[in-house]
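K.L.:
have a look at this prediction, sequence included:
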Amino acid sequence: MRKGNPAQRRYILRFMPLMTAYVLILFAANRYADAHHPAGLALAMLSILPTLPLLGVILVMGLYLVEERDEFIRNRLIVSMLWGTGILLAVATVWGFLENTGMVGHPPVYLAFPLWCAAFGIVQGVLAIRDRMAGGDE
Amino acid sequence: MNNRLKVLRAERNWSQSDLAERLEVSRQSVNAIETGRYDPSLPLAFKIAELFGLAIEDVFASPSKENEQ
């Protein structure tokens, strides 16, 4: 049996090549930077290159949200995304104040997206378990 | 929102999966609506009522009327 509805299958089909591209581009860009030590515009372009598949992932997530026809699943997705955003904002706010007083160092800003994804994913998992435990007759 | 979905489904001997298939939604959706954890949109509520050949108010209890009681 095929897993997930058509929108979920499209999401996976779009997501997987982008993540593969991200890993390959990141690896290639690092190798190139180590070997050729580019500067200026070339370095800027090389730095941006691995972000393109990640920007694609953000777009693909948005597309899935639009294309998901099951309103209950879409609602759960939106709730999880809002939780992810709230957790990211909370962590950034607390961290910012700790950083301001020299208690902690400055984290790489690119960690914002993985942190949001992790928070969103965990909340989605918790909600899915909650729904499963809420029971049913089969 | 309270509803008679479980009763109506049982009368027809349909499982949650059967109903989900007929409504073109996931079984989780049917379960969430049935247990009152999720209120369906108006189009889905109409679809559910039409599937059972009933009016919406015969499937779903009006929250305002419930509060009056």
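P.N.:
Nice, I can see it.

K.L.:
quick check: residues of chain B near chain A?
P.N.:
B:15-17, B:24-35, B:37-38, B:40-41, B:44 (C-beta under 8 Å from any C-beta of the partner chain). Every residue, glycine included, has its C-beta placed from N, CA and C.

K.L.:
among those, which ones are in helices?
P.N.:
Using DSSP state H, the members of the residues of chain B next to chain A that fall in helices are B:16-17, B:27-34, B:44.

K.L.:
widest-spaced pair of those?
P.N.:
Largest separation among those by C-beta to C-beta: B:Ser17 and B:Leu44, giving 17.0 Å.

K.L.:
neighbour count for those two, which is higher?
P.N.:
B:Leu44 (19 against 15; other C-beta atoms under 10 Å in any protein chain shown).

K.L.:
my guess is the more buried one contacts A:Arg69. True?
P.N.:
No. The pair B:Leu44 and A:Arg69 fails to qualify as a contact (C-beta atoms under 8 Å) at a distance of 10.5 Å.

K.L.:
tell me the centre residue of chain A?
P.N.:
The geometric centre of chain A, computed from its C-alpha atoms, lies nearest to A:Cys117 (C-alpha atoms, centre = their mean), at 4.0 Å.

K.L.:
that residue: which element?
P.N.:
helix A:112-133 (DSSP states H and E).

K.L.:
tell me the buried residues in that helix?
P.N.:
By neighbour count on 16 or more other C-beta atoms under 10 Å in any protein chain shown, the buried set for helix A:112-133 is A:115-116, A:119-120, A:123-124, A:127, A:131.

K.L.:
elements contacting that helix?
P.N.:
helix A:71-100, helix B:27-34 (3 or more C-beta pairs under 8 Å, 6 or more residues apart in numbering or on different chains; DSSP states H and E).

K.L.:
buried ones from the ones in helices among the residues of chain B next to chain A, can you make that a PyMOL selection?
P.N.:
Selecting only the buried entries of these in PyMOL, with 16+ other C-beta under 10 Å as the criterion:
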select buried, chain B and resi 16+27+28+29+30+31+32+33+34+44
